[in-house]
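**Q** Let me see the structure of the following:
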Amino acid sequence: MLLKGFIAAIGIIGLLCCSAAVAETKNVTLQLKWSHQFQFAGYYMAQQKGFYKDVGLNVTLAAADVSEPDTFSKVLAGQAHFGVGHSGILQHRINGKPLVALAAILQFSPYCWMVKKSSEIFHPRDFFNKRISDISRKENAELLVMLERSGIDTQLLPAYLGSGKAEQWLNGELDAMQVYITNEPFVMRQQGVEHRLICPQRYGINVYSDILYTTENMLVHHPKTVEKFYQASLKGWRYTMMNLDESVAVTAQHYAKHKSVAELTYEAEVLTDYISPPGTKLGAMSMAKWRLIADLYDIEQTKFDQIKVGFMYQYDKPEKLQLSWMLIAAIIISVLSIPLYLRLMLKKSV
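**A** Residues are numbered from 1 along each chain as shown. The predicted model follows:
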């Protein structure tokens, strides 16, 4: 009878634990903000090295449609569970979108203005009446803020609205072009076109970029999945930073097949200073820096104070006692052994 009771109890507990496991999301999608390149190598390595699999996650890494790279709308619509976005996530949160920042993979903005070396543009103040490529204030506000803080009225700058901005820049129809620090500069370098970069970071405009984020809905209904994905992703980035050559090779072989190893290597070398600057913990974010970013976006501090609680991710362990299988089994065996123990004691006393 004791053995039957023990087996029955184990079976019931097994069913309960299985039901709890099913409730957690296992298949998840991460929406990237651009096409595959070293910029997302940490997630590639987490996938290739089995870090996601080790915590029970099957992760799909979805490349962006470069013609419409916005990730926020896709994550909010439930098309992806996680996303990689820019610091504009703060403005979305202010506007009532339930987005939660998990980690800032890039500690600085990788976007810059590129001008020819022969240009007379050396500083933001030199942009007066210069022709620039059109950019979105939602995605790259830091480039415009940098100019505006130097006294440039960006509304009056002639902006090129069409495609093919690189050709326009090469032909001299544009004075300055918005670039991603590892992409267009590499191409111009390969072509022997001398240039220089004017970047927000050099002028005290420090904003986070490539921010890993999710939604409040995921946190409420699948907190353990969020924590597992968060930890496995950071583990992938740590591995990447310690194994750059291998990470470049994996990226080239399995993901960014449209890019050369030389291009990916250049990207890795440049982004290292953005991902792991001295004295900064990988993925780190601070409320103080987010407050400064709010100021850059002309967000009133009172509005920032209203959303700051819950904006940055903090894992809250479930309050319920989580018992391991071994502990559960030990408790059951102990309980079921009490009658046997009492019977033995009575026989000794007789």
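
**Q** Tell me which helix or strand the residue most central in space within the chain sits in.
**A** The chain has residue 212 as the residue nearest its centroid, 2.0 Å off, counting by CA atoms, centre = their mean. Secondary structure from DSSP states H and E places residue 212 in strand 209-215.

**Q** Next: residue 146.
**A** Going by DSSP H and E, residue 146 is part of helix 137-148.

**Q** Below-threshold pLDDT in the stretch 51-200 of the chain: ranges please.
**A** Low-confidence segments of the stretch 51-200 of the chain (pLDDT under 70): none present.

**Q** The residue nearest to residue 134 when sequence neighbours are not counted bridge partners, please.
**A** Distance criterion CB to CB, 6 or more residues apart in numbering; nearest residue to residue 134, sequence neighbours excluded, is residue 159 at 4.2 Å. For the C-beta atoms, the positions are set from N, CA and C on the backbone; glycine is no exception. Beta-bridge pairing for residue 159 (DSSP bridges): residue 132.

**Q** do you know how far residue 159 is from residue 165?
**A** 10 Å (CB to CB, to the nearest Å).

**Q** Show me whatever sits in contact with both of those two.
**A** residue 133 (CB atoms under 8 Å, 6 or more residues apart in numbering).

**Q** With neighbour numbers in mind, choose between the two.
**A** Between residue 159 and residue 165, residue 165 has the larger neighbour count (other CB atoms under 10 Å), namely 20 against 13.

**Q** Hmm, the more buried one is touching residue 177, no?
**A** Yes: contact criterion CB atoms under 8 Å: residue 165 and residue 177 qualify, at 5.4 Å.

**Q** shared neighbours of these two, which are they?
**A** By CB under 8 Å, 6+ apart, the residues touching both residue 165 and residue 177 are residue 133.

**Q** Could you list the residues in contact with stretch 215-234?
**A** Counting by CB under 8 Å, 6+ apart, 24-26, 28, 30, 42-43, 46, 51-52, 54-57, 59, 75-76, 81-82, 98-100, 102-103, 212, 214, 282-283, 310, 313, 315-316, 318 sit against stretch 215-234.

**Q** Of those, grab the buried ones for ChimeraX.
**A** Buried members of the contacts of stretch 215-234, defined by 16 or more other CB atoms under 10 Å, are picked up in ChimeraX with:
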select :25,28,30,42,43,46,51,52,55,57,59,75,76,81,82,99,100,102,103,212,214,282,283,313
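
**Q** Let me know the distance separating residue 307 from residue 48.
**A** Residue 307 sits 36 Å away from residue 48, going by CB to CB.

**Q** Quick one: low-confidence residue ranges for the stretch 201-350 of the chain.
**A** When residues are selected by pLDDT under 70, those of the stretch 201-350 of the chain lie in 317-350.

**Q** try 90
**A** By pLDDT under 90, the low-scoring segments of the stretch 201-350 of the chain are 296-298, 314-350.

**Q** which residues of the stretch 151-300 of the chain fall in helices?
**A** Secondary structure of the stretch 151-300 of the chain, counting by DSSP state H, counting those that start in this stretch: helices at 165-170, 184-190, 216-221, 223-242, 244-254, 261-275, 287-296.

**Q** so which of the ones you listed is the most packed in?
**A** helix 223-242 (a mean of 20; mean count of other CB atoms under 10 Å).
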